[in-house]
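Q: okay, here's the prediction I keep looking at, along with the sequence it came from:
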Amino acid sequence: MSGHNRWTKIKRKKEAMGASKGKLFTKIIKEITVAARLGGADPDGNARLRSALAAARDANMPSDTITRAIKKGTGELEGISYEEVTYEGYGPGGVAVLVECMTDNRNRTAGEVRSTFSKGGGNMGESGSVGWMFDRKGVISIDQADEDTLMEAALEAGALDVINNGEDGFEIHTEANDVHKVADALEKKGFKPSEAKATFLPQNTVKLDAEKAPKMLKLMDLLEDNDDVQNVYANFEIDEALMEQLTA
């Protein structure tokens, strides 16, 4: 598993348990609102909303909070209109970084993201500067399963690949538009996906040493800490032992 993926798993566990849960709720509420606005309130016909609701359940978000977010998205309740925008840049060691945001003020968010890149030892680039280094794919996470059985079921459902990440479980890669179809098929086969979403996967990775790695993780934390930032993708790789040391 690349260092970035392990970092994402560790951060998600900390968010679910710690003081940053409020920020996690804010990000999920925004995603639910935008998903409902774009695709309607019925999760059966809105894969993006279905994924957002799964994240809300994993975070133990109260049902009335979820309902309000959906109604704000559909216009039943008054709410803020968010715009989706992606920023690109470089982190320490030449790591490529994509930052997905939802904002009600593009100028404010652009300024804050640019400042955060500088503060974290990186720099924000022009649109298209690093996006070509990533592929839009679907990723399904399954914590425990028999590898051969999972492989057979996933490929039969239309998956592209199944990756064994050891103690971190399995990652199933799909085309971005197929992620929920494949996840549904796996559930019917008795598997329990812990996450299913469209994401950006790097085509190549940059391996960071003990000097650059903590700086890169600091930049990731700074970007994720911005309320307008929904997701941060990067192509760094960190040795397992060093990652354990840095995230302990």
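A: Here it is on my side, so go on. Numbers count the residues shown, from 1 in each chain.

Q: pretty sure Gln203 is touching Phe134, no?
A: Yes. Using C-beta atoms under 8 Å, Gln203 is in contact with Phe134, at 6.8 Å. The way it works is simple: take the backbone N, C-alpha and C, and place the C-beta from them, glycine included.

Q: list the residues that contact both of those two?
A: Residues touching both Gln203 and Phe134 (C-beta atoms under 8 Å, 6 or more residues apart in numbering) are Asn235.

Q: which one of the two is surrounded by more residues?
A: Taking other C-beta atoms under 10 Å, Gln203 and Phe134 do not tie; Phe134 has more neighbours (19 against 10).

Q: pLDDT at that one, what is it?
A: At Phe134, the model reports a pLDDT of 96.

Q: before we move on, what about Glu156?
A: At Glu156, pLDDT is 95.

Q: which SS class is it?
A: helix (DSSP: H, G, I helix; E, B strand; the rest coil).

Q: measure it to Leu201 for me?
A: Distance of Glu156 to Leu201, given as C-beta to C-beta, to the nearest Å: 22 Å.

Q: those two: which has the busier surroundings?
A: Leu201 (18 against 12).

Q: that's a helix at Leu24, yeah?
A: Yes. Under three-state DSSP, Leu24 falls within a helix.

Q: and the residue located most distally from the centre of the chain, how far is that from Ala59?
A: Largest separation from the mean C-alpha position in the chain: Glu76, at 28.0 Å (C-alpha atoms, centre = their mean). Counting by C-beta to C-beta, the gap between Glu76 and Ala59 amounts to 23 Å.

Q: repeat for Pro43
A: From Pro43 to Ala59 the distance is 16 Å (C-beta to C-beta).

Q: when these two are compared, which one has more neighbours?
A: Set Pro43 next to Ala59 and count neighbours by other C-beta under 10 Å: Pro43 wins out with 20 against 15.

Q: nearest residue to the more buried one other than its sequence neighbours?
A: Arg50 (4.2 Å; C-beta to C-beta, 6 or more residues apart in numbering).

Q: mind telling me what element that neighbour is part of?
A: Using DSSP states H and E, Arg50 maps to helix 47-58.

Q: check which helices and strands the very next helix or strand once past that helix sits against.
A: Next in sequence after helix 47-58, counting helices and strands by DSSP H and E, comes helix 63-74. For helix 63-74, the packing partners by 3 or more C-beta pairs under 8 Å, 6 or more residues apart in numbering; DSSP states H and E come out as helix 21-39, helix 47-58.
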